[in-house]
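Engineer: I would like to see how this sequence folds:
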Amino acid sequence: MKFKLVLILASLLFGYKSIAQEGIPVYFDYLADNYYLVYPSMAGISQGGKIRLTARKQWFDVDDAPSLQTVNAHFRLGDSPSGIGAIIFNDANGYHSQTGAKLTYAHHLRMGGGDDIRVLNQLSFGLSGTILQSSLDETQFRSVAVDPAISGIKLSASYFNVDLGVSYNFQEFYAHFVVTNALTGSQRNLYYRDRQDNPDQLVIDNIRRYLVSAGYLFGRSEWQLEPSVLFQLTEFTEEKTIDVNAKVYRDVNFGRIWGGISYRRSFDGAQFQTASGFGEQNLQLITPIVGANIKNFLVSYNYSYQMGDVRFSNGGFHQITLGYDFGQKERKYDCYCPAAQ
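Structural biologist: Numbering: from 1, shown residues only. Reported below is the predicted structural model:
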């Protein structure tokens, strides 16, 4: 029990989990042509549809370590400018877990290109509605003195929220922006239920996050290079992180192989005590990623390694993605733009 509490605190300290950040955590699966998992405006971005399944596990040597599973699908509604999508996810971390579903509608506007329909110049808007159930199992919590914050039962609560996103794709260039959990006023009192001293203390009613990213794919030969960045801001806690990414693609006879690396760093550090005083450490993650598109199928693997002197475990974070693209005819746009093809 004490060990599991340390596990939860370690996850909170280094930014991987927060009770103020409900919904799908943003890891690195978006680099596996899975931008819809983050941005609702990417639903139905291509002429057909895409299915993606992911599984993530932290610290294989730790019981009840954080794990995440997602499945999502999205597609264009025929020849219309509309796309729809759905996401189902399960996220667990020690005694805390959350499951949920998102339903998405996106609208894609052609911005230019004249009569040449092979020029990609598209502005997209997306809206996702999220239904989420959050649970906290307190059946194994023990306290010598009576603690009004501990109920001793399994608590659960359901929430509803929305995500609002916009994307712009112009040939090999792309940019995305989303506000997740845009609604406020729905109190997240799961962790403070039945308090007698001050039932309204520390209740969270704002779990809004802002994400923005941009990238460009260079090269039209058999090799291509794609640098990109992604910035995250959590409004309630003012936590900020940035991802700096680079991917390399190579066309082969069965499709495409690719690999890359991502570096994530938090802007603010967490303090910790040392033998001589106090230190401060920022979240820093190095994540190599490899993958292949084999005809209509996709497979990808990434491994995140946490840098710094203070770490909960020497183990890393493993994530696997499987995908299938359907309804794709010949290349629609005259560009190397994997997300839109």
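Engineer: what score does Arg56 have for pLDDT?
Structural biologist: As predicted, Arg56 sits at a pLDDT of 89.
Engineer: okay, it and Pro25: tell me how far apart.
Structural biologist: 9 Å (Cβ to Cβ, to the nearest Å). C-beta here means a position set from N, CA and C on the backbone, and glycine is covered the same way.
Engineer: who's more crowded, these two?
Structural biologist: A direct count of neighbours by other Cβ atoms under 10 Å for Arg56 and Pro25 places Arg56 higher, at 21 against 18.
Engineer: beta-bridge partners for that one, please?
Structural biologist: Legend: beta-bridge partners of Arg56 under DSSP bridges are Leu68, Gln319.
Engineer: ok, it touching Tyr27?
Structural biologist: Yes - with contacts defined as Cβ atoms under 8 Å, Arg56 counts as touching Tyr27 at a distance of 6.1 Å.
Engineer: related to what we said a few turns ago, tell me, what's touching Arg56 and Pro25 both at once?
Structural biologist: Listed as contacting both Arg56 and Pro25 by Cβ atoms under 8 Å, 6 or more residues apart in numbering are Leu68.
Engineer: before we move on, back to that, next, show the common contact partners of Arg56 and Tyr27.
Structural biologist: With Cβ under 8 Å, 6+ apart as the test, Arg56 and Tyr27 both reach Leu68, Phe317, Gln319.
Engineer: most neighbours of all these, which one?
Structural biologist: Tallying neighbours with other Cβ under 10 Å puts Phe317 at the head of the shared contacts of Arg56 and Tyr27, with 23 neighbours.
Engineer: do you know how far that one is from Tyr105?
Structural biologist: 32 Å.
Engineer: equivalent analysis for Phe141, please.
Structural biologist: 42 Å.
Engineer: same question for Ala340.
Structural biologist: Ala340 is 18 Å from Tyr105, by Cβ to Cβ.
Engineer: same thing with Ala73?
Structural biologist: Noted for Ala73: a distance of 14 Å to Tyr105, by Cβ to Cβ.
Engineer: quickly find the element holding Ser134.
Structural biologist: strand 121-137 (DSSP states H and E).
Engineer: now swap in Leu183 and tell me
Structural biologist: Judged by DSSP H and E, Leu183 forms part of no helix or strand.
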